[in-house]
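> This is a predicted model, with the sequence first.
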Amino acid sequence: MTGALNALDQRITAQLDQFRQDAVYKTFNYLESPQAPRVQMEGRGSVIILSSNNYLGLSDDPMVMAAGKGAIDEFGAGTASVRFICGTFTIHRDLEAACARLVGTQASVSFVSCWNANEALPGTVLTEQDIILSDQLNHASIIDGLRLAKAITKCETGVFKHGDYAELDQKLAAASGKQVKMVVSDGIFSMEGSIVDLPALMAVCRKHGAILWIDDSHATGVLGKEGRGTPEHFGLHGQVDIITSTLGKALGGAAGGFVAGSSALCDYLMQRARPQLFTNALPPTVAASALAAIEILEAEPDRVAKLRENTAFFRKGLLSLGFRPHPGDTPIVPVILGETAAAIRMSELLLDEGVFVTGFGFPVVPQGTARVRCQISAAHSGEDLDQALAAFAKVGRKLGLI
């Protein structure tokens, strides 16, 4: 290789330099211990984590870790090919049955990530005779899934304003000639921490005979008395047509995702979904640890109650300090600051105080709405949350925010 930069490297190097100049360059922090309420961070020692999706504290749960260790002894490192070619491990079948049971559907299909699941679903089942409409604030994986579906299948795609079901009603009415009408929304919107108005959304879908797809990645293990997600939260468990979710957040935090729906849908995805057909299955260690996490959730719903208790305590603490977190009841607690550089600066100062919480700005969130996004866990102790609030008080005063 020569020392000279090619045209691509020249362009992206200049862009990286601009990121640094604009104070929006992302740095990475390295952990030397399992993901937990407190971790050992390289060069910083003990740090409180307020930036993880480890909502139920299962990432370092001894039973979850033991299940993963046992699976590598029983099944080895992986399938070494795709499932229909070399065989499907029984642990994958058991996991998929548990996922379906948890969210209240006939069946489910696992993927190596929920991103893959959200790519696979529309691009596999929709055709040029169909339309899919998406909430404006849906996750990037859904957006990319719709783009892929449009490119592959030539189905019609569209967006409706966030939570504007009158607009959705109009768009569905205009699509009356479509063979299949599908609507997709997050259950919990990841950057806002807000919950979809599922009864209202479902009513519009039912009016027009539209298939309702909910991505419940941030709600599985979080919403509902037993942590079964957004449908349970609204008393609609088992009534949503299709649910996608992740195994990489509340359910052990490792990796993986799934599509849950009718037996026919899941069978068809196994037959035709390219991210399923041409990708190795989840490593058995991950499948087993995720299965253990679901079984713990089913046996210990008190973890969900503890998560709500911790969330309410932390929100109340921020309000008493003078911060104005985005309103809501979920463990995603965004503190809006405006500019990306301000969010990154606050996260840096909080880390200096031993609290790891990430600042988000454009393009993750719209321009002018940069924030630090706090995420609470059932495993946080009162001492953890008190120390975190003390750090917010110190940094907030230093920056003139409170």
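Received it, and whenever you're ready, just let me know what you need.
> ok, and the closest non-adjacent residue to Asp60?
Counting by CB to CB, 6 or more residues apart in numbering, Pro34 is the residue found nearest to Asp60 once chain neighbours are left out, at 3.9 Å. For every residue, glycine as well, the C-beta is placed using N, CA and C.
> just Gly248 next, same as before
Closest residue in space to Gly248, ignoring its immediate chain neighbours: Ala255 at 5.1 Å, by CB to CB, 6+ apart.
> that older thread, which ones are touching the residue nearest to Asp60?
Ser59, Asp60, Met65 (CB atoms under 8 Å, 6 or more residues apart in numbering).
> Any of the residues you listed buried? List them.
Neighbour counting with 16 or more other CB atoms under 10 Å marks Ser59, Asp60, Met65 as buried within the contacts of Pro34.
> Among the residues you listed, which ones are in helices?
Counting by DSSP state H, the part of the buried ones among the contacts of Pro34 found in helices is Met65.
> All the helices of the stretch 101-250 of the chain, residue numbers only.
For the stretch 101-250 of the chain, applying DSSP state H, counting those that start in this stretch gives helices covering 114-125, 140-153, 165-174, 198-208, 230-233.
> buried stuff in the third one?
Right, helix 165-174. The neighbour-count criterion (16+ other CB under 10 Å) identifies Tyr165, Glu167, Leu168, Asp169, Lys171, Leu172 as the buried residues of helix 165-174.
> pretty sure the fifth one is touching Gly158, no?
Yes. Judged on CB atoms under 8 Å, Lys171 makes contact with Gly158 at a distance of 5.9 Å.
> Settle this for me: Lys150 is touching Thr157, isn't it.
Yes. Under the criterion of CB under 8 Å, Lys150 makes contact with Thr157 at 4.9 Å.
> Counting by contacts, list what the helix ranked longest in the chain packs against.
Here the longest helix in the chain is taken by residue count, with DSSP H as the criterion, and it is helix 302-321. Judged by 3 or more CB pairs under 8 Å, 6 or more residues apart in numbering; DSSP states H and E, helix 302-321 is in contact with helix 284-299, strand 332-338, helix 382-398.
> Okay, domains of the protein per the record?
If the domains of the chain are taken from automatic domain parsing, they occupy 21-50+301-398, 62-299, with pieces of a single domain joined by a plus sign.
> Would you tell me which one of the ones you listed is buried the most?
Among these, judged by mean count of other CB atoms under 10 Å, the one packed with the most neighbours on average is domain 62-299 (a mean of 20).
> Quick one: end-to-end distance for that one.
15 Å (CA to CA, to the nearest Å).
> any idea of the mean pLDDT in it?
Averaged across domain 62-299, pLDDT comes to 97.
> what does stretch 10-23 rub up against?
With CB under 8 Å, 6+ apart as the contact definition, stretch 10-23 has outside contacts at Leu5, Tyr25, Thr340, Ala341, Ile344, Arg345.
> Distance to Ile376 for those - can I get that in CSV?
Listed next are these as CSV, based on distance: CB to CB, whole Å:
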residue, distance to Ile376
Leu5, 44
Tyr25, 28
Thr340, 23
Ala341, 26
Ile344, 21
Arg345, 23
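> what's the distance between Val286 and Leu385?
Distance check for Val286 against Leu385: by CB to CB, to the nearest Å, it reads 30 Å.
> What of Gly396?
From Gly396 to Leu385 the distance is 16 Å (CB to CB).
> How about Glu226?
Counting by CB to CB - Glu226 and Leu385 are separated by 24 Å.
> returning to that earlier point: redo the contacts of stretch 10-23 as JSON lines? Include pLDDT and distance to Ala80.
Putting the contacts of stretch 10-23 into JSON lines (pLDDT from 0 to 100; distance: CB to CB, whole Å) gives the following:
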{"residue": "Leu5", "pLDDT": "78", "distance to Ala80": "38"}
{"residue": "Tyr25", "pLDDT": "82", "distance to Ala80": "39"}
{"residue": "Thr340", "pLDDT": "83", "distance to Ala80": "43"}
{"residue": "Ala341", "pLDDT": "82", "distance to Ala80": "47"}
{"residue": "Ile344", "pLDDT": "87", "distance to Ala80": "42"}
{"residue": "Arg345", "pLDDT": "90", "distance to Ala80": "47"}
